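Student: output the structure for:
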Amino acid sequence: MKAVLFDMDGVIIDSEMFYMEGTFDWITKRGFKGKLEDTYRLIGTDMKGTYSLLYEMLEGRLTIEEIDEENKKYFSENPINYKKILNPFVKEILSFLKENKIKTALCSSSPKRTIEKALKECEIFDYFDFIISGDEVKESKPNPDIYLKACEVLEVSQSDCFVIEDSTMGIQSGKNANIKVIAIKDKRFGQNQTKADYVFDNLGEVLEFLKSEI
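Tutor: As a prediction, this is how the structure comes out:
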């Protein structure tokens, strides 16, 4: 093991329900008639994919540009407290990897500014050797581009890495990159995690597993 590549939402921070509830709130006010559970299909998508799905869910009532504006306005007025939703064992696992000279990358479909803000507020920004967003690759998850780019920058082969994910699309992205995938068990959103190589309840269990891999 020479590197561990982390997703952010659902792995580093427990942000997905916050975003789903917030999105459901504002799209309902703009005419959406569905249920909260209908927003779960947004999990794991980049912003382009999210806006495309929202356009469909709103049945074309808003343009993509208007959706972008509404979404940014809502979450600007209702900001997330990243530190409050930092998942247990994050600092422990990052400290362990750093102490053992295992390289790390944060590979998220979220916008770069969101990633950096979250990591800085959680005081874990400096643990990562490389940070990349879905905006910085040609094809977003489930395509392998984001993980292949991380391996290239970190100068490690896919066979020497683990990807840590939670969403169906994220897991598929890691598998498409020919990297072994560890999934954090999803108990709320109905994500299909059957293609993961390993599934653990939390990062504490992942930490114990990684210790055995050194």
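Student: please enumerate the helices of the protein.
Tutor: Counting by DSSP state H, the chain has helices at residues 16-29, 47-57, 64-77, 90-99, 112-121, 145-154, 168-176, 203-212.
Student: by how many degrees do the first one and helix 64-77 diverge?
Tutor: Relative orientation of helix 16-29 with respect to helix 64-77: 120 degrees, computed using axes from the mean of the first three to the mean of the last three C-alpha atoms, to 10 degrees.
Student: just the buried positions in helix 16-29, please.
Tutor: 16-20, 22-24, 26-27 (16 or more other C-beta atoms under 10 Å). C-beta: built from backbone N, CA, C; applies to glycine.
Student: what would those residues look like in JSON lines with pLDDT and distance to S108?
Tutor: Below are those laid out as JSON lines (pLDDT from 0 to 100; distance: C-beta to C-beta, whole Å):
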{"residue": "E16", "pLDDT": "96", "distance to S108": "12"}
{"residue": "M17", "pLDDT": "96", "distance to S108": "17"}
{"residue": "F18", "pLDDT": "96", "distance to S108": "15"}
{"residue": "Y19", "pLDDT": "96", "distance to S108": "13"}
{"residue": "M20", "pLDDT": "97", "distance to S108": "16"}
{"residue": "G22", "pLDDT": "98", "distance to S108": "18"}
{"residue": "T23", "pLDDT": "98", "distance to S108": "17"}
{"residue": "F24", "pLDDT": "98", "distance to S108": "22"}
{"residue": "W26", "pLDDT": "98", "distance to S108": "22"}
{"residue": "I27", "pLDDT": "98", "distance to S108": "23"}
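Student: picking that back up, for K185, find the nearest of the helices of the chain.
Tutor: Nearest to K185, of all the helices of the chain, is helix 203-212, at 9.2 Å by C-beta to C-beta.
Student: for the closest one, name the packing helices and strands.
Tutor: helix 90-99, strand 161-165, strand 180-184, strand 198-200 (3 or more C-beta pairs under 8 Å, 6 or more residues apart in numbering; DSSP states H and E).
Student: buried residues of that helix, list them for me.
Tutor: Under 16+ other C-beta under 10 Å, the buried positions of helix 203-212 are 203, 205-207, 210.
Student: make a markdown table out of the residues you listed and add pLDDT and distance to V90.
Tutor: As requested, these are arranged in a markdown table below (pLDDT from 0 to 100; distance: C-beta to C-beta, whole Å):
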| residue | pLDDT | distance to V90 |
| --- | --- | --- |
| L203 | 97 | 6 |
| E205 | 98 | 13 |
| V206 | 98 | 10 |
| L207 | 98 | 10 |
| L210 | 97 | 13 |
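Student: related to what we said a few turns ago, can you say which of the helices and strands packed on helix 203-212 is nearest to T45?
Tutor: Among the helices and strands packed on helix 203-212, strand 161-165 sits nearest to T45 (C-beta to C-beta), with 13.6 Å.
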